[in-house]
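[1] following is a predicted model, sequence given first.
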Amino acid sequence: AEATRLLDALRAKYEADAPHKTFVTEFNNIVFGEGDPCARLMFVGEAPGAEEDRTGRPFVGRAGALLDKMIVAMGLKRESVYIANVLKTRPVDNATPTPSEVAACAPYLWEQIRIVSPEAIVTLGLPASQCLLKTTEPMGKLRATWAVFRCSDGREIPVMPTYHPAFLLRAYTPENRAKVWSDLQMVMERLG
Ligand code: URA
């Protein structure tokens, strides 16, 4: 209940601050994030796409359908994890968020992470992975290895970067699927 209240308050603060106003000209809905406010596992993506912008919910388009499959394959339920993005509004033409856009929105994600306080975070794709880990390393270097996100309160949360489901959809090869599955298995082992 406390986490729900804190997330609601953070959402209200995001809406009042409207950091996206400095860079997004058109969007329909803010996609703040959803799921269990006390989730043991959190997924972080890059930014809402068209379907997310239409519904106000994260990962509900084609990439979202694949993420749902990944969550179920892990033996979890979508409602039992927490899903958020670095940017809360859809970039024009689904452009990759620029460093200044990420800088404007990241503080709200840091607060979301601190409030949910998950036991592990899976970052989906390069922009989310680089944002959380404050690195410019490529995905091939980042995935398959545990990294750490340090919350403002000093808490350290293990982070597993993996490929974005939208990338998997574009390159649905046995190799890429095996890589993501192996990353997710490391997460399952950690969660027990
Ligand atoms: N891609 C993302 O990174 N986030 C979403 O919410 C949907 C697609």
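    Yep, it's here. Residues are numbered from 1 along each chain as shown.
[2] gap between the residue in the chain that the ligand sits nearest to and Leu124?
    Nearest residue of the chain to the ligand, counting by Cβ to the nearest ligand atom: Gly45, 2.9 Å away. (Each C-beta comes from the backbone N, C-alpha and C, glycine too.) Distance of Gly45 to Leu124, given as Cβ to Cβ, to the nearest Å: 5 Å.
[3] quick check: residues of this structure near the ligand?
    45-49, 52, 58-59, 61, 63-64, 85, 166 (Cβ under 6 Å from any ligand atom).
[4] who's in contact with the residue nearest the centre of the chain?
    By Cα atoms, centre = their mean, the chain has its centre lying nearest to Val44, at 1.0 Å. Counting by Cβ atoms under 8 Å, 6 or more residues apart in numbering, Val44 makes contact with 83-86, 109, 121-124, 128, 132.
[5] can you put these in a markdown table and add neighbour count and distance to Lys21?
    Converted to a markdown table, these look like this (neighbours: other Cβ atoms under 10 Å; distance: Cβ to Cβ, whole Å):
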| residue | neighbour count | distance to Lys21 |
| --- | --- | --- |
| Ile83 | 26 | 24 |
| Ala84 | 24 | 20 |
| Asn85 | 27 | 17 |
| Val86 | 22 | 17 |
| Leu109 | 23 | 17 |
| Ile121 | 24 | 27 |
| Val122 | 28 | 30 |
| Thr123 | 28 | 26 |
| Leu124 | 26 | 26 |
| Ala128 | 27 | 22 |
| Leu132 | 23 | 24 |
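[6] show me what the lengthiest strand in the chain pairs with in its sheet, parallel or antiparallel.
    Longest strand of the chain, by residue count under DSSP state E: strand 156-162. Next to strand 156-162 in the sheet, as set by DSSP bridges, lie strand 120-124 (parallel), strand 147-150 (antiparallel).
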